[in-house]
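Student: Turn this into a structure:
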Amino acid sequence: MPGPLVIAVDVGTTATKVVAYEPSGRAVAEAERGYPLHAPHPGHAEQDPEQIRATVESLLAEVVAAVGPGRVAGVALSSAMHTLMALDGDGRPLTALTSWADTRAQAEADELRAGPGLALHRRTGTPVHPMSPLVRLRWFARHAPQLCDRARWWCGVKEYLLLHLTGRLVVDHSLASASGLLDLASLRWDAEALALAGVTAEQLPELVPTTQALPLAAAPAARVGLPTGTPVVVGGGDGPLANLGVGAVRPGMAACSLGTSGALRVVVDRPVVDPAGRVFCYALAPGLWVVGGAVTNGGIVMRWALEALAPDLGPGAEEALLALAAQAPPGSGGLLMAPYLMSERAPRWTSLGRGAFVGLTREHGRPHMVRAAIEGVALQLALVLDSMRAAGIAVDSVRGTGGVMRSALWQQLLADAFAMPLDLLDGQQGSGYGAAILGMRALGIVDSLEATAAAVRVVRTVEPVPAHVETYARLRPVLDGLYDALAPTFAALRALDLPTLPPR
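Tutor: Residues are numbered from 1 along each chain as shown. As a prediction, this is how the structure comes out:
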């Protein structure tokens, strides 16, 4: 007789994926659907929470129908981090859902960084950056005070989904630790952070562990085809859960996820932030934390290069673009790109940066420019690795996940930039599978998170090329210094605020 399944609901920034997993890790059924990220004003990145809720329930119903409700032991959730929205007293949205990509609160972030920002970062584990809900709450308090007066609750997308699925407004320690509002030492809301955000603890969801299970309410149970009371494991943030999903849970083993954006993270047994505040620290599960850094500019840089530098290749021609980049030598002949097309996060956590090509000569052609753009992303992630080591975190191996990892050129670039072997996995495991593992542990289906994660199979290891390692080791501090050198220029360009489109 077929065994039990846990259905993982992985709510991403632009799509949700729902997968039914067996305890062995085999995916039995899956469904995925996208939704838009709107930019109604410069710097805004918003979504319709009701559209996401309807998408989640539709996909969940589809997967339940495929596997049969009798096999489903429970549902476990993962979601994008740093989302924020306001609810009224009846739980109805008063705002759109704002994304981690929202940069409207640049001024508020700059103010806090000039004041209590570093102390806040060290206490809460969340960098002071426009992505942080703390910083956006401060923006709302300043720019929409009447809305704030009407807001009964402030929450993120997963909390909103849990409210509709279970009737309870709760936030897990993982997502709460990414809000900038949680004291890591006590796992309670931080009084100074709340005051700076202009909210009270009573306006935030109830804090619960990532392994907390809640019963599925009758109305949503009927809509998705599951019995009322089916356990819903609240789960956590997609970043920490990605480490679990790729089996990177032992000390020294990092997970590198690279899709539209990217991140490098390692699991530790206690919360830690480096003195300079260059890494984040988020909760994963009781007794487990994730330390690392996220970059905003990942695969999106390659898509920009395709559109801006090689439009003749046509849409969807990523393989042809990578073949073009492979024509240039490692180091792109001394051409360097600061890949800050959408500002940047780690390791400086400031929204000031812009993209820049430096070192351009007549000898450089399109292959050099494309390769320099991709190398810039790999070198930026290597700077995150340096910051993790500066925080006292040992890193001796890396596991890769994300759509970009399918490319042999990207794989080799990352291994060379990290100066470490890059392990590739059996399938594209990630945050969804991490949520499933967490759900299985919460429901007693597996005995240990660590043992289950350790069963994730490495199918290939990409070894670094020593000559390439030397090249990128010489380039990395140049990129690091480039940001400081160009900071006044970035600030001047921001102040000019020139339009990107010609007048009509």
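Student: Run a quick neighbour tally on the closest residue to W153 other than its chain neighbours.
Tutor: Leaving aside its sequence neighbours, W153 sits nearest to L87 (Cβ to Cβ, 6 or more residues apart in numbering; 4.2 Å). C-beta: built from backbone N, CA, C; applies to glycine. The local packing of L87 (other Cβ atoms under 10 Å) involves 23 other residues.
Student: tell me which element E307 is part of?
Tutor: Here E307, judged by DSSP states H and E, is contained in helix 299-308.
Student: Check which residues of that helix are buried.
Tutor: By 16 or more other Cβ atoms under 10 Å, the buried positions in helix 299-308 come out as G299, I300, V301, M302, W304, A305, L306.
Student: What is the nearest of those residues to R441?
Tutor: For the buried residues of helix 299-308, the minimum distance to R441 (Cβ to Cβ) is 31.2 Å, reached by G299.
Student: ok, the closest one - contacts?
Tutor: Residues counted as contacts of G299 (Cβ atoms under 8 Å, 6 or more residues apart in numbering) are L258, G259, T260, S261, G262, V377, G402, G403, V404.
Student: Report the mean per-residue pLDDT for the helix holding E307.
Tutor: Helix 299-308 shows a mean pLDDT of 94.
Student: Distance of L309 relative to V358?
Tutor: Using Cβ to Cβ, to the nearest Å, one gets 16 Å for the distance from L309 to V358.
Student: Same question for I437.
Tutor: Separation of I437 from V358 (Cβ to Cβ): 43 Å.
Student: Equivalent analysis for W154, please.
Tutor: Distance of W154 to V358, computed by Cβ to Cβ: 42 Å.
Student: Compare neighbour counts for those two and give me the winner.
Tutor: Using other Cβ under 10 Å as the criterion, W154 and V358 rank with W154 on top: 26 against 15.
Student: pLDDT score for that one?
Tutor: pLDDT recorded at W154 is 98.
Student: Which strand or helix spans it?
Tutor: Applying DSSP H and E as the criterion places W154 in strand 153-155.
Student: Distance from the chain centre to the helix or strand that that strand is followed by, please.
Tutor: Counting by DSSP H and E, the next helix or strand C-terminal to strand 153-155 is helix 157-166. Mean C-alpha position of helix 157-166 versus that of the full chain (Cα atoms, centre = their mean, to the nearest Å) differs by 19 Å.
Student: so what does the strand holding W154 touch, helix or strand wise?
Tutor: Using 3 or more Cβ pairs under 8 Å, 6 or more residues apart in numbering; DSSP states H and E as the contact test, the elements touching strand 153-155 are strand 85-87.
Student: what residues does the strand it packs on touch?
Tutor: Under the criterion Cβ under 8 Å, 6+ apart, residues 49, 93-98, 140, 147-148, 150-157, 160, 169 lie in contact with strand 85-87.
Student: can we see that at 6 Å?
Tutor: Residues from elsewhere that reach strand 85-87 (Cβ atoms under 6 Å, 6 or more residues apart in numbering): P49, P93, L94, T95, L97, A151, W153, W154.
Student: Name the nearest of those residues relative to D396.
Tutor: Nearest to D396, judged by Cβ to Cβ, of the contacts of strand 85-87 is L97 at 38.5 Å.
Student: As CSV, the buried residues of helix 299-308 with distance to D183 would be great.
Tutor: CSV is the format used below for the buried residues of helix 299-308 (distance: Cβ to Cβ, whole Å):
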residue, distance to D183
G299, 35
I300, 34
V301, 36
M302, 39
W304, 39
A305, 42
L306, 44
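Student: quick one: terminal-to-terminal distance for stretch 391-405?
Tutor: 27 Å (Cα to Cα, to the nearest Å).
Student: Buried residues in that stretch, which are they?
Tutor: For stretch 391-405, burial by neighbour count (16+ other Cβ under 10 Å) applies to A391, I393, V395, S397, V398, R399, G400, T401, G402, G403, V404, M405.
Student: again, but for stretch 256-274
Tutor: Neighbour-count burial for stretch 256-274, with 16+ other Cβ under 10 Å as criterion, is recorded at 256-268, 271-274.
Student: What is the helix or strand harbouring V291 packed up against?
Tutor: Taking DSSP H and E as the criterion, V291 maps to strand 288-295. Helices and strands touching strand 288-295, by 3 or more Cβ pairs under 6 Å, 6 or more residues apart in numbering; DSSP states H and E, are strand 262-268, strand 280-285, helix 366-390.
Student: avg pLDDT for that strand?
Tutor: Here strand 288-295 scores 96 as its mean pLDDT.
Student: Just want the angle from the longest helix along the chain to helix 366-390.
Tutor: When the chain is parsed with DSSP state H, its longest helix is helix 466-496. Relative orientation of helix 466-496 versus helix 366-390 (axes from the mean of the first three to the mean of the last three Cα atoms, to 10 degrees): 90 degrees.
Student: Domain ranges for this protein, per the record?
Tutor: Per automatic domain parsing, the structural domains of the chain span 5-240, 248-428+465-497.
Student: Make JSON lines from those and add distance to A442 to it.
Tutor: Converted to JSON lines, the domains of the chain look like this (distance: least, Cβ to Cβ, whole Å):
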{"stretch": "domain 5-240", "distance to A442": "4"}
{"stretch": "domain 248-428+465-497", "distance to A442": "9"}
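Student: ok, which stretches of the stretch 51-200 of the chain are helices?
Tutor: Applying DSSP state H, counting those that start in this stretch to the stretch 51-200 of the chain gives helices spanning 106-114, 117-124, 133-143, 145-150, 157-166, 173-176, 191-197.
Student: Just name the most buried of these.
Tutor: Of all the helices of the stretch 51-200 of the chain, helix 173-176 has the most neighbours on average by mean count of other Cβ atoms under 10 Å, namely a mean of 30.
Student: contacts for that one?
Tutor: Contacts of helix 173-176 (Cβ under 6 Å, 6+ apart): G156, L182, L187, L207, P209, T210, G236, G237, P240, Y282, A283.
Student: And the buried ones among those, selectable in PyMOL?
Tutor: To isolate the buried members of the contacts of helix 173-176 in PyMOL, using 16+ other Cβ under 10 Å:
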select buried, resi 156+182+207+209+210+236+237+240+282+283
